[in-house]
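Asks: Generate a structure from the sequence data that follows.
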Amino acid sequence: VELKRGAARKYFIVRDFIPEKLPPKPKQIVAQLATGSGHACALHDGRVFCWGSNNFGQTAVPPLQTPVQIMGTGLFSCALDDNGTKCWGNNRSGELNIPKLANPTQITTGTTFMCAIDNGKVLCWGDNDNWQTEVPPLKNPTQIAAGAYNGCAIDGTEVVCWGWDSAGQKKVPPLKNPTQISVGSDFVCAIDDTGVVCWGDGKEGQLRVPKLKNPSQISAGAYHACAMAENRVHCWGQNKYGQAKVPRLKNPTQVSSGERTTCAIDDTGVVCWGNNAENELSVPAELRFKNQ
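Replies: Prediction:
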């Protein structure tokens, strides 16, 4: 458009568009939990956080490179990262003396021993007083779990357990397509097509599984167990420290049972309940999300 000399000029001012309502921030989600004996760890935003008892250095997280799994059942903690398996804390039974692993894809920790799936085989090391590191022949292990004195694996379509058998925890009941296992102190729980099945020691009520609909996760602690089912956390067994008394949670996605403490992940971050003698309920601020 050509303007004649002397004609009034028109100016247009373009301002940045400001929406009436800003889009919500992406929701923060903790990836994984591991609750042990007086301490707990969480994997969040590529970092491992540990809190609670540190008498053996179990909460002093070493440098890690892109950790993908964490464990911390006893007085030590472990992570699986780009460099393999790394553990820290108590080493009285050689549980930190990790053998040479070619391609570890999964780890699990017991009280004083641990195991890994490496190139399709299960290897265990550490305390062997109860034969917990003597893994029986397995054909196709897809998941492993360790407890106080024994370990278990899902091998094909069955569960195989080894180690101490003080309460029949090695005697696996008939299971239909087991998909998940968790080992406590002298008892074991599994999820199969029928729901949650537990066996072994039941003196604290840890075998009295409540009625659960569509359970999606199971976690066995020392003398109690918890499960995720229908967007809720259910716990049963020993409640001496309040570890089986589930608080109000907002859309929980994961639960982890320790010796006397339980932790869960929900929309607010990490929530823990039960014993607090070692400050295991003092969740780091980085794992507590506001306004979510």
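
Asks: C-alpha only now, for contacts and for neighbours.
Replies: Will do.

Asks: tally of neighbours for R92?
Replies: 12 (other C-alpha atoms under 10 Å).

Asks: Ramachandran angles for it?
Replies: Dihedral pair for R92: phi -60, psi -30, per degrees, to the nearest 10.

Asks: Quick one: residues contacting the nearest residue to Y223 once chain neighbours are set aside.
Replies: Computed as C-alpha to C-alpha, 6 or more residues apart in numbering, the closest residue to Y223 that is not its neighbour in sequence is Q238, at 5.5 Å. By C-alpha atoms under 8 Å, 6 or more residues apart in numbering, Q238 lies in contact with E204, G205, Q206, Y223, H224, A244.

Asks: what do you get for T59?
Replies: H39, A40, C41, F49, C50, W51, G52, S53, S77, G89.

Asks: quick one on the thing from earlier: now list the buried members of the contacts of Q238.
Replies: Using 16 or more other C-alpha atoms under 10 Å as the burial test, the contacts of Q238 include Q206, Y223, H224, A244 as buried.

Asks: right, and out of those, which lies closest to P67?
Replies: H224 (28.2 Å; C-alpha to C-alpha).

Asks: Show me the shaky parts of the stretch 151-292 of the chain.
Replies: Along the stretch 151-292 of the chain, the parts satisfying pLDDT under 70 run over 291-292.

Asks: taking the contacts of Q238 one by one, which sit in strands?
Replies: Under the assignment DSSP state E, the contacts of Q238 contribute H224 to strands.

Asks: which one among the contacts of Q238 gets closest to G168?
Replies: Using C-alpha to C-alpha, the contacts of Q238 come closest to G168 at Q206, 13.9 Å.

Asks: Run through the residues that contact the residue nearest to that closest one when sequence neighbours are not counted.
Replies: With C-alpha to C-alpha, 6+ apart as the criterion, Q206 has its nearest non-adjacent residue at 4.0 Å, and that residue is G237. By C-alpha under 8 Å, 6+ apart, the contact set of G237 is E204, G205, Q206, L207, R208, Y223, H224, A225, A244.

Asks: Tell me what the residue nearest to the second one when sequence neighbours are not counted is bridged to.
Replies: Going back to what we said before, that points to G205. What sits nearest to G205 in space, not counting adjacent residues and going by C-alpha to C-alpha, 6+ apart, is G237, at 4.3 Å. Beta-bridge pairing for G237 (DSSP bridges): H224.

Asks: Distance of G237 relative to G258?
Replies: 12 Å (C-alpha to C-alpha, to the nearest Å).

Asks: pretty sure E286 belongs to a helix, no?
Replies: Yes: the assignment for E286 by DSSP: H, G, I helix; E, B strand; the rest coil puts it in a helix.

Asks: what about the helices in the stretch 151-292 of the chain?
Replies: Counting by DSSP state H, counting those that start in this stretch, the stretch 151-292 of the chain has no helices to list.

Asks: Which parts of it are strands?
Replies: Using DSSP state E, counting those that start in this stretch, the strands of the stretch 151-292 of the chain run over 158-163, 180-183, 187-192, 195-200, 215-220, 224-229, 232-237, 254-257, 261-266, 269-274.

Asks: Columns distance to W125 on top of those, output as a markdown table?
Replies: As requested, the strands of the stretch 151-292 of the chain are arranged in a markdown table below (distance: least, C-alpha to C-alpha, whole Å):
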| stretch | distance to W125 |
| --- | --- |
| strand 158-163 | 12 |
| strand 180-183 | 17 |
| strand 187-192 | 20 |
| strand 195-200 | 23 |
| strand 215-220 | 21 |
| strand 224-229 | 25 |
| strand 232-237 | 29 |
| strand 254-257 | 23 |
| strand 261-266 | 26 |
| strand 269-274 | 30 |
